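*Asks:* Sequence and predicted structure, then a few things I'm wondering about:
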There are 2 protein chains.
Amino acid sequence: MTNSAADRAYAEVRGLILSGDASPGTPLREEALADIVGVSRTPIREALRRLEAELYAVRTPSGRLVVAAWDVDDVAEMFALRAMLEGHAAARAATRMTPADLGELKACNTRIERAIAAPEPDIAGFLAGNRQFHDLIIKASASARLATMLSGLVEQPIVRRTATRYDRSDLERSAHEHGQLMQAISARDGEWARSVMTAHIRRALHAFRAASPSK
Amino acid sequence: MTNSAADRAYAEVRGLILSGDASPGTPLREEALADIVGVSRTPIREALRRLEAELYAVRTPSGRLVVAAWDVDDVAEMFALRAMLEGHAAARAATRMTPADLGELKACNTRIERAIAAPEPDIAGFLAGNRQFHDLIIKASASARLATMLSGLVEQPIVRRTATRYDRSDLERSAHEHGQLMQAISARDGEWARSVMTAHIRRALHAFRAASPSK
DNA sequence: CTGGGCGCTATTGTATACAAAAGATGCTGG
DNA sequence: CCAGCATCTTTTGTATACAATAGCGCCCAG
């Protein structure tokens, strides 16, 4: 809880962008945001730099920031990068995970299975579990750099929109792939784990594509 | 040249870290750095946030920043990530490059060949050309996200230290691999280009390992 | 001599004031 | 009526002032 104002500013401005309240091209003016969030320009500036680094915002030639426009190709590229990087994380995790870590992973996937087993699947529960599952893998990969790179790449809102269109068989397939991944990790087979993770995320990419408006 | 003070601060502090003047574990105190660079704390803070995001600095539990310690494994991980990401960039570039881009690439590699052909190889010229060559590929990949991720991963000093140990055959091999890459791109074969680039960087990794003290 | 608590200091987080630069607006001359 | 320019406004960049907090050392009691 070191710099709460800046963190709050980051979360709020990011929320504005992802919710669509600030649509692509909207200028992100520091003073206006400071008024909205209720802090001074200093933490706002810090938040904006982070958002710029994560490409949520882009700079006009003269240094003004505007909300970035992500088209389908941009999002596809994000999925492709995530697939590579999380695949790498899975490969590393396979040779580094302790039995205790693996148990935690198993418990997490059990929660996911319970969330989707109900008559009316619990999408929020699925998403929370899914995120935790992936975070456990990343953590077990023991690469701070990988974790940093992935943090700006795992934007729930798009995953969320995709997931709300999942039917039960999609959800079950996802949990099943998690099971495969745990098998690969149990076997300490990094390349198997990489392949499963890559496939897992690339499937999500195509689910997204299928659900997206044009193209 | 929008915010020159912050950029200067970034460059100077980064220089302190990479030159070894600020050794791992050294605290990075804002006021002290402000005095050194000759600007106020505000741009220094901005520079430090960037350095933190790129893992040149890490935060102690209580929010203080210290120079990060990179061991051999960290550097190896950076090479591995670079190999994946630049491989991806090469694959994208292969289907996107215009003949003009390719011509520029060829000219660049010709300069590299000239630099290493001299009786006493021009290492600085090699490094400058090499960097430009890789930047051209990244640019042609037309992925802002990829460019952003790679920018924090291409730290000359380590590459430089490795390159100073190259003998002529290493340098020639590097230029030759660039030639292969251009062939793959000319053929518009993304997977070929990816493989060549990945191999190119992984060879550099092993050159680094061979040159590094322990392990 | 040692351990714990208390207060001081060093350092970062946040707010605000000031400077510079880019954009917009309106005026004037053609 | 339009082009060009001057000025005024808006917005960002930088400096500084103030607040909060964590670390450190010192002193005292046992």
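*Replies:* Done, it's in.
*Asks:* Which of the three states applies to the most centrally placed residue in chain A?
*Replies:* Nearest to the centroid of the C-alpha atoms of chain A, with distances taken as C-alpha atoms, centre = their mean, sits A:Val154, at 1.7 Å. Classification of A:Val154 using DSSP: H, G, I helix; E, B strand; the rest coil returns coil.
*Asks:* what sits against it?
*Replies:* With contact set as C-beta atoms under 8 Å, 6 or more residues apart in numbering or on different chains, A:Val154 has these partners: A:Arg82, A:Arg131, A:His134. The C-beta positions use only the backbone N, C-alpha and C, and glycine is treated the same way.
*Asks:* Could you do A:Ala34 as well?
*Replies:* A:Ala34 touches A:Ser40, A:Arg41, A:Ile44, counting by C-beta under 8 Å, 6+ apart.
*Asks:* what is the orientation angle of the lengthiest helix in chain A with helix B:72-96?
*Replies:* Using DSSP state H to define each element, chain A has its longest helix at helix A:72-96. Going by axes from the mean of the first three to the mean of the last three C-alpha atoms, to 10 degrees, helix A:72-96 is angled at 150 degrees with respect to helix B:72-96.
*Asks:* starting at the chain centroid, how far to helix A:72-96?
*Replies:* Put simply, helix A:72-96 sits 11 Å off its chain's centre (C-alpha atoms, centre = their mean, to the nearest Å).
*Asks:* model confidence over that helix, on average?
*Replies:* Helix A:72-96 shows a mean pLDDT of 96.
*Asks:* ok and the following helix or strand past it relative to helix A:72-96, angle-wise?
*Replies:* Next helix or strand after helix A:72-96 toward the C-terminus (DSSP states H and E): helix A:99-117. On the basis of the same axes, to 10 degrees, helix A:99-117 is oriented at 140 degrees to helix A:72-96.
*Asks:* Contact residues of chain A facing DNA strand D?
*Replies:* When proximity is defined as C-beta under 7 Å from any atom of the strand, chain A approaches DNA strand D at A:Pro27, A:Leu28, A:Arg29, A:Glu30, A:Glu31, A:Arg41, A:Thr42, A:Arg45, A:Gly63, A:Arg64, A:Leu65.
*Asks:* ok, the fifth one - contacts?
*Replies:* Contacts for A:Glu31 were tallied using C-beta under 8 Å, 6+ apart; they are A:Arg41.
*Asks:* Now restrict the residues of chain A next to DNA strand D to buried residues only.
*Replies:* If you count burial by 16 or more other C-beta atoms under 10 Å in any protein chain shown, the buried members of the residues of chain A next to DNA strand D come out as A:Leu28, A:Glu30, A:Thr42, A:Arg45, A:Leu65.
*Asks:* ok, the residues you listed vs DNA strand D, which is closest?
*Replies:* The closest of these to DNA strand D turns out to be A:Glu30 (C-beta to the nearest atom of the strand; 3.9 Å).
*Asks:* Once you drop chain neighbours, what's closest to that closest one?
*Replies:* Nearest non-adjacent residue to A:Glu30, counting by C-beta to C-beta, 6 or more residues apart in numbering or on different chains: A:Arg41, 4.7 Å away.
*Asks:* Next one: that neighbour from A:Ala57, what distance?
*Replies:* Distance of A:Arg41 to A:Ala57, given as C-beta to C-beta, to the nearest Å: 15 Å.
*Asks:* what does A:Arg8 give?
*Replies:* 17 Å.
*Asks:* Neighbour count: these two, which is higher?
*Replies:* A:Ala57 (24 against 15; other C-beta atoms under 10 Å in any protein chain shown).
*Asks:* wait, doesn't that one sit right on A:Arg64?
*Replies:* No: taking contacts as C-beta atoms under 8 Å, A:Ala57 lies outside contact range of A:Arg64: 9.9 Å.
*Asks:* where does chain A dip in pLDDT?
*Replies:* A:1-2, A:156-157, A:213-215 (pLDDT under 70).
*Asks:* re earlier: could you confirm whether the longest helix of chain A reaches chain B?
*Replies:* Yes: Helix A:72-96 lies within reach of chain B by C-beta under 8 Å from any C-beta of the partner chain, at A:Asp74, A:Glu77, A:Met78, A:Ala80, A:Leu81, A:Met84, A:Leu85, A:His88.
*Asks:* Serialize those residues to a markdown table and add fields for neighbour count.
*Replies:* Below are those laid out as a markdown table (neighbours: other C-beta atoms under 10 Å in any protein chain shown):
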| residue | neighbour count |
| --- | --- |
| A:Asp74 | 14 |
| A:Glu77 | 21 |
| A:Met78 | 21 |
| A:Ala80 | 20 |
| A:Leu81 | 21 |
| A:Met84 | 20 |
| A:Leu85 | 26 |
| A:His88 | 24 |
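*Asks:* Contact partners for the closest residue in space to A:Ser143 that isn't next to it in sequence?
*Replies:* Nearest non-adjacent residue to A:Ser143, counting by C-beta to C-beta, 6+ apart: B:Glu77, 5.5 Å away. Shown in contact with B:Glu77 (C-beta under 8 Å, 6+ apart): A:Ser143, A:Arg145, A:Leu146.
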